[in-house]
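A.B. asks: predicted model and sequence below, questions to follow.
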Amino acid sequence: MAREFSRTERVGQQIHKEVASIFQNEFKNRDPRLGMVTVSGVDVSRDLAHAKVYVTFFETDEEKLKLFNQILEDNKGFIRTLLAKRMRMRAVPALKFYQDTSITEGIRISTLVSQTLNDDKERALKAGRDLDKEDQDTDDNH
């Protein structure tokens, strides 16, 4: 019977879980400047020597984001030490933190789409058309 997950995927999932727990429990006492941070994903190299940890910050200010990234970079040894205590591995992968911007980018795109739709409705109203009513009429005809 084939295994469902490769070893690198299982190690990545475990690192994801443990680093998230470290941020939530231990790290907030060490450096309270770090705001809300979540681990959105972990990619582990095939030889298990390196792990890319993708994090999301609930902050939009560029200066604070730079500070948060620097805090993580400065404390990656501490985080790796805690990780080594929690995981039963001969060698814990070296950690590299990357900011995951997919959530904030998704919100930005959604806002742009909503804004464009509202602008279109305003232009249509100025031209004497009601797009909402036209949409209802086409729905009624189908």
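C.D. replies: Thanks, I have the structure now. Numbering: from 1, shown residues only.

A.B. asks: secondary structure class for residue 129?
C.D. replies: For residue 129, the assignment made with DSSP: H, G, I helix; E, B strand; the rest coil gives coil.

A.B. asks: residue 43 too?
C.D. replies: Quick answer, by three-state DSSP: residue 43 is strand.

A.B. asks: list phi and psi for the residue lying closest to it once chain neighbours are set aside.
C.D. replies: Nearest in space to residue 43, with sequence neighbours left out and distances taken as CB to CB, 6 or more residues apart in numbering, is residue 52 at 4.4 Å. Heads up, the C-betas are built off the backbone N, CA and C, glycines and all. Dihedral pair for residue 52: phi -90, psi 120, per degrees, to the nearest 10.

A.B. asks: where along this protein do the strands fall?
C.D. replies: 37-44, 50-57, 94-99 (DSSP state E).
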